[in-house]
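[1] what's the 3D shape of this:
(2 chains)
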Amino acid sequence: DSGVTQTPKHLITATGQRVTLRCSPRSGDLSVYWYQQSLDQGLQFLIQYYNGEERAKGNILERFSAQQFPDLHSELNLSSLELGDSALYFCASSSPRGGTNTGELFFGEGSRLTVL
Amino acid sequence: GNSVTQMEGPVTLSEEAFLTINCTYTATGYPSLFWYVQYPGEGLQLLLKATKADDKGSNKGFEATYRKETTSFHLEKGSVQVSDSAVYFCALSEMDSSYKLIFGSGTRLLVRP
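    All right, here's what the predicted structure looks like:
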């Protein structure tokens, strides 16, 4: 158990809809990362938040947005969904408050999104 | 930009065979290097890592050595087990304030009894 919790585990929705994926990082971790894993694209970095602020941005579509709340949990919002958005979305955390960042990311089990 | 290239899978081996999964990287500076493993239906978990040239990471019988001269971090195991069947990802850590990981495409390993 990595200590990172993601909900929901599975989600089926229709094109054009909007969904929200939630991530609770390991206790005390300040950084949250979002990755998309699809069959043909591998693991793609989407976005990172550190202590409530956006720190790094990757290949995230404009239809997608994220935020990190004061309690450090994060949400990834996906809107105007398309068939190609079907994928496994992973959240990871790191950077323990008051600790040393070893570079290791701790991953949740992912949220599998299916767009029909 | 930085990138990681892994050998394509799937790799199919018999139990007790020797495993090598090749990984090379392109990066400015000297990033930390990682191997993550993803078992079916699970998230990624760290298998091993190396933070500087010539470091050898090892765990559960797996090893990888950080080779600066060949920009490689190949994963090896002397005798694989059926339970090693999984997808293996090579990754590097960006040398900026984000510490985000850049992953290779993953290599699926299937070990047959």
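
[2] If B:Ala50 is in a bridge, with which residues?
    B:Leu33 (DSSP bridges).

[3] Grab the nearest non-local neighbour of A:Gln67.
    A:Glu75 (5.9 Å; Cβ to Cβ, 6 or more residues apart in numbering or on different chains). Where you see a C-beta, it was placed from the backbone N, CA and C, and this is true even at glycine.

[4] what sits against that neighbour?
    Shown in contact with A:Glu75 (Cβ atoms under 8 Å, 6 or more residues apart in numbering or on different chains): A:Thr20, A:Leu21, A:Arg22, A:Cys23, A:Ala66, A:Gln67, A:Phe69.

[5] So it belongs to a helix, correct?
    No - going by DSSP: H, G, I helix; E, B strand; the rest coil, the assignment for A:Glu75 is strand, not a helix.

[6] Tell me the confidence at it?
    On the pLDDT scale, A:Glu75 is placed at 98.

[7] For A:Ser2, give me the pLDDT.
    84.

[8] Repeat that for the one 3 residues further on.
    As predicted, A:Thr5 sits at a pLDDT of 97.

[9] cool, A:Gly98 as well?
    For A:Gly98, the predicted pLDDT is 69.

[10] Show me which of the contacts of A:Glu75 is closest to chain B.
    Comparing these against chain B with Cβ to the nearest Cβ picks out A:Cys23 as the nearest, at 11.3 Å.

[11] residue contacts, the closest one?
    A:Val4, A:Thr5, A:Gln6, A:Val32, A:Trp34, A:His73, A:Ser74, A:Glu75, A:Leu76, A:Cys91, A:Ser93, A:Gly108.

[12] leaving aside the residues next to it on the chain, what's closest to the most centrally placed residue in chain A?
    Centre of chain A computed as the mean C-alpha position; nearest residue by Cα atoms, centre = their mean is A:Trp34, 3.1 Å away. Spatial nearest neighbour of A:Trp34, chain neighbours left out: A:Leu46 (4.2 Å); criterion: Cβ to Cβ, 6+ apart.

[13] So what's the predicted local confidence for that neighbour?
    Taking A:Leu46 on its own, its pLDDT is 96.

[14] Just to check, it is in contact with A:Ala66?
    Yes - between A:Leu46 and A:Ala66 there is a contact at 7.4 Å, judged by Cβ atoms under 8 Å.

[15] Quick check: neighbours shared by the two?
    A:Trp34, A:Ile60, A:Leu76.

[16] re the thing from before, show the buried residues in the contacts of A:Cys23.
    Buried members of those, scored by 16 or more other Cβ atoms under 10 Å in any protein chain shown, are A:Val4, A:Gln6, A:Val32, A:Trp34, A:Ser74, A:Glu75, A:Leu76, A:Cys91, A:Ser93, A:Gly108.
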